[in-house]
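**Student:** Just a sequence and a predicted model for now, questions to come.
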Amino acid sequence: MKIINRSIINSTFPSLTGRRTLAWLVLIATSGEAAGAADCGDSVWDADDDERYVARFHEHHGPIEPVAPLATYLEIRNYDRFNGAVLDDRLALVARSGADQGWSPTVGVDSWSVSLNEMYRHTGDRRYFDENLKLVRVVINNRDDRRVPQEQLWNGSVVPLWSDGTYSSRGRETYVLHTGLIAYPIFDFLLLAREDPDLLAAFDPSEYDHIIAAVQEAVAFHDAEWVDGPGPSEGYYHHPPDYQDSNYAAVPVPFNWLSAMGRALWTSHLLTGDPEHKDRAIRLAHYCKNRLHPTPDGAYIWEYYLPRESIRHQSKQWNEVFSEDTGHAALSLTFPILMADHGQVFDASDMMRFGQTVRCGFGRLGGGVLLGEINGDPTRFGPAQVSVMTPFLRLAPYVPEVFPIIAAYYTYFIDSEGPLEGALLRRFAPAATVPTAVREELARPLVAALAQPYPNPFNSSVQIEYSLAIAAAVRLEIFDVSGQRLRTLVNAQQTPGMHRAYWDADGVAAGPYIVRLRAGERSQTRKLMLLK
């Protein structure tokens, strides 16, 4: 594979010298291979398109100046800032009673819960478990049927789920995706508790069993959407027959939806021994595996909507498949990785293929630049499809080269996305990734933190909050996915503390947008989704 000419990176990122170069050299030296420098055969993509993509990526995602060392993410204090009062504020939003909230704030704390599980496993610090218990209690008590007043679906019914009113014009709907996202970390949390009598003692009498029952009831709600087949060992979920009155009714749900529920099914089985959930998780794993295309150089590529019929691992060139965007693929792979970790259906050879997807597909350019489509196409999807990339780090135990590719994205372009990133970077970082002397030289305090905009997705106006650790010159701007600046919300010197701005999107077309915060020489971005 022809790696992008280094002069492209140098011309687009002329500041890759000095301190930044030192950090990059540390990163690639400890990995044993430069990110993107894989043996991938000849490139099927045009070098000029690659160069244009790099320029677009630079505009959307940074770069950070001066470079943010990986050590910043690995410091406990930078994870801990998401807990305490910050988590309490988010949980208060989840528990807010009253009028229909539209977007479900419960969806979003799932990654927070995953991060707390990972931090407890990584450190053994009880406070992460206690924070997660607080989170789980709020989520369980705010199912649609337990809220006051109850949340009603578009047809007036009340169900034992966490519905969402954002994606359907007719009102609140239920989604396999959201149920799986919420259920998985709760089951995983209960698995952690089961292993330690001191942790079990933190629950109120019968509370542990009550939580299991509540989440399993939510998972069981989707039983009517389960289909055995089409192969003898396969199964999948499909959209309900009346799904949003759309052409996708009764169509198998996307790969990332299947993966979300697959994790929930498998962890439910691990927790309770449920034989039906075990059977469905294995069938679902076979269904997904039988719909992946191997490439001649040893990777996997796949579509966003997997085909209903098996493709029997039909080999495809990288440019022969309109494949899944990178952001959704990060979730899609979590279920195959989980099953491989437990020796079910997927194995180490499959993980090597997924690792090759990272190395020779969307991570092929190196230098922290990630492509928006998993096959590495620089033209179809843009940098807006690259956001929460750390779930790919779960491949690192099988393919160590994945870590420096993903870590470089955070090192050069992202100050901090949220607690999940900090937790997974800590868990999968090689012990010697950043030597102490270099870490001390490059370490610096975080200047600013851009919070998750609310609501997101939104219909007309979105609230954007950010905090400053020190006084700084601030620019807060809105971009479309082509990189065109639409609005400058803030352009001023501001004092330390919390700040808030609003974007009124009247007259703007529905679709994805980017909000970028620049504070001094640091920048952060977050996705926005405008619905009309």
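**Tutor:** Nice, I can see it.

**Student:** Can you report how many residues lie near residue 529?
**Tutor:** 17 (other C-beta atoms under 10 Å). Every residue, glycine included, has its C-beta placed from N, CA and C.

**Student:** what sits against it?
**Tutor:** By C-beta atoms under 8 Å, 6 or more residues apart in numbering, the contact set of residue 529 is 456-458, 511-513.

**Student:** ok so it is a helix residue?
**Tutor:** No - according to DSSP: H, G, I helix; E, B strand; the rest coil, residue 529 belongs to no helix; its state is strand.

**Student:** what's across from it in the sheet?
**Tutor:** residue 512 (DSSP bridges).

**Student:** how close does it get to residue 507?
**Tutor:** When distances are taken as C-beta to C-beta, to the nearest Å, residue 529 and residue 507 turn out to be 17 Å apart.

**Student:** so residue 203 sits right up against residue 193, yeah?
**Tutor:** Yes - taking C-beta atoms under 8 Å as the contact criterion, residue 203 and residue 193 are neighbours in contact, 7.2 Å apart.

**Student:** So those two - more neighbours on which side?
**Tutor:** Under the criterion of other C-beta under 10 Å, the comparison of residue 203 against residue 193 puts residue 193 first, with 22 against 17.

**Student:** Who are the contact partners of that one?
**Tutor:** With contacts defined as C-beta under 8 Å, 6+ apart, residue 193 is in contact with 129, 199-200, 202-203, 208.

**Student:** Find me the pLDDT at it, would you?
**Tutor:** Predicted confidence (pLDDT) at residue 193: the value is 93.

**Student:** The residue nearest to the spatial centre of the chain: what's it in contact with?
**Tutor:** The centroid of the chain falls nearest to residue 388 when counting by C-alpha atoms, centre = their mean (4.0 Å). Contact criterion C-beta under 8 Å, 6+ apart gives 111, 327, 330, 417-418, 420-421 as the residues in contact with residue 388.

**Student:** what about 10 Å?
**Tutor:** 111, 326-327, 330-331, 414, 417-418, 420-421, 424, 527 (C-beta atoms under 10 Å, 6 or more residues apart in numbering).

**Student:** returning to that earlier point: identify the contacts common to residue 203 and residue 193.
**Tutor:** Residues touching both residue 203 and residue 193 (C-beta under 10 Å, 6+ apart): 133, 136, 211.

**Student:** Quick check: which element contains the first one?
**Tutor:** I take that to be residue 133. Assigned by DSSP states H and E, residue 133 belongs to helix 126-140.

**Student:** Give me the helices and strands touching that helix, please.
**Tutor:** helix 76-80, helix 85-94, helix 109-123, helix 176-194, helix 197-200, helix 207-220 (3 or more C-beta pairs under 10 Å, 6 or more residues apart in numbering; DSSP states H and E).

**Student:** Mind doing that once more with 7 Å?
**Tutor:** Using 3 or more C-beta pairs under 7 Å, 6 or more residues apart in numbering; DSSP states H and E as the contact criterion, the neighbours of helix 126-140 among helices and strands are helix 85-94, helix 109-123, helix 176-194, helix 207-220.

**Student:** which one of these lies closest to residue 74?
**Tutor:** Checking those against residue 74 by C-beta to C-beta gives helix 109-123 as the closest, at 10.7 Å.

**Student:** For the contacts of residue 193, which two are the farthest from each other?
**Tutor:** Checking the contacts of residue 193 with C-beta to C-beta, the most distant pair is 129 and 208, at 13.1 Å.

**Student:** between those two, who's got more neighbours?
**Tutor:** Between residue 129 and residue 208, counting by other C-beta under 10 Å, residue 129 is the more crowded of the two (21 against 16).

**Student:** What residue, apart from its backbone neighbours, is nearest that one spatially?
**Tutor:** Using C-beta to C-beta, 6 or more residues apart in numbering and skipping the chain neighbours, the partner closest in space to residue 129 is residue 120 (5.0 Å).

**Student:** Could you report the neighbour count for the one you found?
**Tutor:** 23.

**Student:** May I ask you to confirm that residue 214 is in contact with residue 142?
**Tutor:** No - with contact taken as C-beta atoms under 7 Å, residue 214 and residue 142 are classed as non-touching, separated by 11.0 Å.

**Student:** For residue 277, find the nearest of the helices and strands packed on helix 126-140.
**Tutor:** Go through the helices and strands packed on helix 126-140 one by one with C-beta to C-beta and the one that ends up closest to residue 277 is helix 207-220, at 7.6 Å.

**Student:** Now do the closest one: everything it contacts.
**Tutor:** Outside of helix 207-220, the residues within contact range by C-beta atoms under 7 Å, 6 or more residues apart in numbering are 136, 140, 143, 160-161, 179, 183, 186-187, 190, 193, 200, 264, 268, 271-272.

**Student:** Which among these count as buried?
**Tutor:** Judged by neighbour count, with 16 or more other C-beta atoms under 10 Å as the criterion, the buried members of the contacts of helix 207-220 are 136, 140, 143, 160-161, 179, 183, 186-187, 190, 193, 264, 268, 271-272.

**Student:** Going by distance to residue 300, which of these wins?
**Tutor:** For the buried ones among the contacts of helix 207-220, with residue 300 as the reference and C-beta to C-beta as the criterion, the closest is residue 264, at 23.0 Å.

**Student:** ok, the closest one to residue 218 distance?
**Tutor:** For residue 264, the distance to residue 218 - C-beta to C-beta - is 9 Å.

**Student:** picking up where we left off before, include pLDDT when you put the contacts of residue 529 into TSV, please.
**Tutor:** Conversion of the contacts of residue 529 to TSV gives the following (pLDDT from 0 to 100):
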residue	pLDDT
456	80
457	81
458	83
511	85
512	84
513	87
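
**Student:** still on that earlier bit, just the contacts of residue 388: which are in strands?
**Tutor:** Among those, the ones falling in strands (DSSP state E) are residue 527.

**Student:** As a check, name the ranges of all strands in this protein.
**Tutor:** Taking DSSP E as the criterion, the chain carries its strands at 226-228, 235-237, 293-294, 300-301, 448-450, 461-468, 472-480, 485-494, 497-504, 511-519, 522-530.

**Student:** Looking at those strands, which is nearest to residue 116?
**Tutor:** Closest of the strands of the chain to residue 116 is strand 448-450, at 18.4 Å (criterion: C-beta to C-beta).

**Student:** domain ranges for the protein?
**Tutor:** The chain breaks down by automatic domain parsing into domains covering 1-69+290-400, 83-270, 449-532.

**Student:** Give me the distance between the two termini of the last one.
**Tutor:** This means domain 449-532. 29 Å (C-alpha to C-alpha, to the nearest Å).

**Student:** One more: the longest one?
**Tutor:** Counting by C-alpha to C-alpha, you get 28 Å between the two ends of domain 83-270.

**Student:** Can you give me the pLDDT of residue 28?
**Tutor:** The pLDDT attached to residue 28 in the predicted structure is 35.

**Student:** Contacts only, for residue 377.
**Tutor:** Listed by C-beta under 7 Å, 6+ apart, the contact set of residue 377 reads 45, 319, 371.
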